[in-house]
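Student: Predicted model and sequence below, questions to follow.
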Amino acid sequence: MKYSLISKYRSVLMGFATIWVAFLHAQMWFRNPILATFKWSGHNGVDVFLFLSGLGLYYAYQKTQGWKFISRRLLRILPIFIPVAIARIIYYHYSAKDAFYLLTTLSFWFTYDRSMWYVSMIVVLYFLTPLYMKYCFIGKEKKCTIFSIVILFLISFLFLNKQQLLFFARVPIFLLGIYFGYLSHQEETMHKQTQIVLFGSMIIGFIVEVYLHSMDIEDALMFGKGGFFYCGFFVIPGLCYGIAKIAEWMRSKNILFINHFLEAFGKISFPFYLLHEICIRYFSAIMNIIPPYNYNGILLNCMIILFTYILAYLLQTIMYFIMDKIGMRKQV
């Protein structure tokens, strides 16, 4: 199998991550231990997004570089982000100052508003990626990746507070995604030994996560020294490769409905992420979401996920239509 298998099923993986994060945010709980674990571990879905973003940005860098690279990346997200940010400002009655920081994607850094922190993070990474690629990565891909990741882990673990950790402790998985993008673009074959290392790392990383969760020290490690963020670094590459292999197997057996289902969510993953929390808050305010383990609560939250999907699809379709009309899509 080649590394490019991950790139081939990128939309499937994005869809899986979207649903995973949606379950984490949803106000529903499960007695079934498998579903319960799937829910609380949903923060790993963000690491999947970052890993795949790094992979995708490597490919994008091969086509455009410098300011054009940055502008094309921003044009992919800002036309979707800005309408949702305005809706959030109106719905939550933001002050003029907070509205400014949200619209400029600076809110995470200056007001500590974590509600749309992923946008704040990815915009910074868009600006840093061309510099990293040009001055550090190209020509010394493996050494640069290892060195950068080790340094970032040391800095984040030793010196940073919980707000900074949310960014710095997750940059390593993004850089690893860039390296996987390089291997994928080169059509490198993933050897059996590498697959064993990835899957072994995934299992060990997840066992540590389960242990931390069971010991009731999740908050201390997640927001103190970022323990859960570090686990995600070891879990995600093997998980993504494993899901891609399953997707390839299902395709070979002509079992396509699961792939198509995940791809549908993957194609609207960004607007879905932006809208889901607002939809949860809105419906929670007007409807009675029943407490834990009640199937009505589970059904209602699944309906909210479906509603968010439809809303995200409409938003993306409308904004792409407008961008087509004014010629912006040609620049993306």
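Tutor: Sure thing, it's come through. Numbering: from 1, shown residues only.

Student: Run a quick neighbour tally on residue 23.
Tutor: Residue 23: 20 surrounding residues under other Cβ atoms under 10 Å. (C-beta placed from N, C-alpha, C; glycine too.)

Student: so what's it up against?
Tutor: Neighbour list for residue 23: 38, 39, 42 [criterion: Cβ atoms under 8 Å, 6 or more residues apart in numbering].

Student: among those, which are in helices?
Tutor: If you go by DSSP state H, those have 38, 39 in helices.

Student: Derive a ChimeraX selection command for the buried subset of the contacts of residue 23.
Tutor: Only the buried entries of the contacts of residue 23 go into this ChimeraX selection, using 16 or more other Cβ atoms under 10 Å:
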select :39,42
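
Student: just the contacts of residue 23 now: which is nearest residue 260?
Tutor: Distance from residue 260 was checked for each of those by Cβ to Cβ. The minimum falls on residue 38, at 21.0 Å.

Student: ok, that closest one touching residue 19?
Tutor: No - taking contacts as Cβ atoms under 8 Å, residue 38 lies outside contact range of residue 19: 9.4 Å.

Student: Which helix runs longest in this structure?
Tutor: helix 295-325.

Student: in that one, what's buried?
Tutor: Buried residues in helix 295-325, counted by 16+ other Cβ under 10 Å: 297-298, 300-301, 304-305, 308-309, 311-313, 315-316, 319, 323.

Student: can you give me the mean pLDDT across that helix?
Tutor: Computed over helix 295-325, the mean pLDDT rounds to 88.

Student: again, but for stretch 213-231
Tutor: The average pLDDT within stretch 213-231 is 59.

Student: Endpoints of that stretch, how far apart?
Tutor: End-to-end distance for stretch 213-231: 12 Å, by Cα to Cα, to the nearest Å.

Student: pretty sure residue 179 contacts residue 143?
Tutor: No - with contact defined as Cβ under 8 Å, residue 179 and residue 143 do not form a contacting pair (10.6 Å).

Student: Compare these two (neighbour count), which wins?
Tutor: It is residue 179, of residue 179 and residue 143, that has more neighbours when counted by other Cβ under 10 Å, with 22 against 11.

Student: gap between the host helix or strand of residue 122 and the chain center?
Tutor: Here residue 122, judged by DSSP states H and E, is contained in helix 117-132. Taking Cα atoms, centre = their mean, to the nearest Å, the mean C-alpha location of helix 117-132 is offset from the chain mean by 13 Å.

Student: For residue 267, list the residues it contacts.
Tutor: The neighbours of residue 267, taking Cβ under 8 Å, 6+ apart as the test, are 11, 14, 15.

Student: Give the buried residues for stretch 51-66.
Tutor: In stretch 51-66, counting by 16+ other Cβ under 10 Å, buried: 51, 52, 53, 54, 55, 56, 57, 58, 60, 61.

Student: in the protein, which residue is closest to the centre?
Tutor: Ranked by distance to the mean C-alpha position of the chain (Cα atoms, centre = their mean), the top residue is residue 49 at 2.5 Å.

Student: what about residue 31, which SS state?
Tutor: What DSSP: H, G, I helix; E, B strand; the rest coil gives for residue 31 is coil.

Student: Got phi/psi on it?
Tutor: phi -80, psi -30 (degrees, to the nearest 10).

Student: Residue 2 now?
Tutor: Note on residue 2: backbone dihedrals following degrees, to the nearest 10 are phi -100, psi 160.
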